[in-house]
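Enquirer: sharing a sequence plus its predicted fold:
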Amino acid sequence: MHVVNPLRGQSAATHHVTEGTPLIHRGMPLRKATLVHRSNGFHTVDMSTWPTVLILAAPQPESARARPELTSPLGALSTLDTTLRRVLTSAMPLLLVAPDEQAHAALSLLPHQEVLAVSPPRPGQSHSDWLVRNIASGVMHRPQSPGWLLLPADMPMLQTSTLHTVANGLRQGPIAYPCHRHRRGHPIAVSSELFSELVRMECEQDLRRLAARYPSMDVDVDDPGIHMATDAQAGLNQLRAQLTGPLLPGSGLRPA
């Protein structure tokens, strides 16, 4: 499905700079700081100063469930596992928003308060509309965050440093996109000043309107992984297309 990029020809100013059912235990405190290893030893990072990375997973289609290779180390579960490990390495706060099966599998890596299990799409609800509602749910579960990075779960090639670079783009505007070779990619960073609009989103059209209404920053990154998805699913592809243009043809490891 070809989807026109809503950001092309938009009136909002664009700037360019270089460089369901929650599994959350509401009574449990969120991590406020973590230790990160550097060459000169460990130091503490205050996680409350970083935006929250919302990792968005889509349901596996029935055809994929029947394929034994998807349970192998190189399969779809490994893609989510790798994406989660990349975000954990960044020491940024995160919240995985995923269907029950993937949410429970992720508990081997994440504490309960960092996993939000959601119901599958309703009959007649498109996967892209369902994903937009999951963004709204994720934002509602992290209302005190200074912002959110919207990261599709099928992008394990993303460099950890890109998360920090895109997050820093929010110092210049309410929306920041990573850019590699003059092409936007993911994750997209959104400032907390857009909280009230984010939590009210019901469908992909709401997300498209929000992206077109506010000025955005393009942040240059030396990371082709912002365009790459592994075994990308239709719902995640359509969500990406709403913000950065349609998926390019390919197979296996594909531009996102």
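Expert: Thanks, I have the structure now.

Enquirer: make it CA atoms for all contacts and neighbour counts henceforth
Expert: Fine.

Enquirer: quick one, strands of the stretch 101-250 of the chain?
Expert: Along the stretch 101-250 of the chain, the stretches classed as strands by DSSP state E, counting those that start in this stretch are 115-118, 147-152, 175-180, 183-184, 188-191, 216-220, 228-230.

Enquirer: including distance to residue 207 and mean neighbour count, could these go into TSV?
Expert: Output for the strands of the stretch 101-250 of the chain, formatted as TSV (distance: least, C-alpha to C-alpha, whole Å; neighbours: other C-alpha atoms under 10 Å):
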stretch	distance to residue 207	mean neighbour count
strand 115-118	19	23
strand 147-152	12	25
strand 175-180	12	26
strand 183-184	17	18
strand 188-191	11	26
strand 216-220	14	24
strand 228-230	21	22
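
Enquirer: least reliable of the ones you listed going by mean pLDDT?
Expert: Looking at the strands of the stretch 101-250 of the chain, the lowest mean pLDDT belongs to strand 228-230 (a mean of 78).

Enquirer: tell me where the protein has helices.
Expert: 62-65, 76-90, 100-106, 127-140, 160-168, 195-198, 204-213, 234-244 (DSSP state H).

Enquirer: figure out which of the ones you listed is closest to residue 219.
Expert: helix 160-168 (6.4 Å; C-alpha to C-alpha).

Enquirer: which elements pack onto that closest one?
Expert: helix 76-90, strand 175-180, strand 188-191 (3 or more C-alpha pairs under 8 Å, 6 or more residues apart in numbering; DSSP states H and E).

Enquirer: where does pLDDT dip in the stretch 1-150 of the chain?
Expert: Applying pLDDT under 70 to the stretch 1-150 of the chain flags residues 1-48, 61-77.

Enquirer: list the buried residues for stretch 162-177?
Expert: Across stretch 162-177, burial judged by 16 or more other C-alpha atoms under 10 Å covers 162-163, 165-170, 173-177.

Enquirer: redo the helices and strands packed on helix 160-168 as JSON lines? Include distance to residue 102.
Expert: As requested, the helices and strands packed on helix 160-168 are arranged in JSON lines below (distance: least, C-alpha to C-alpha, whole Å):
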{"stretch": "helix 76-90", "distance to residue 102": "8"}
{"stretch": "strand 175-180", "distance to residue 102": "27"}
{"stretch": "strand 188-191", "distance to residue 102": "22"}
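
Enquirer: check the gap between residue 150 and residue 124 for me.
Expert: 24 Å (C-alpha to C-alpha, to the nearest Å).

Enquirer: and for residue 223?
Expert: 37 Å.
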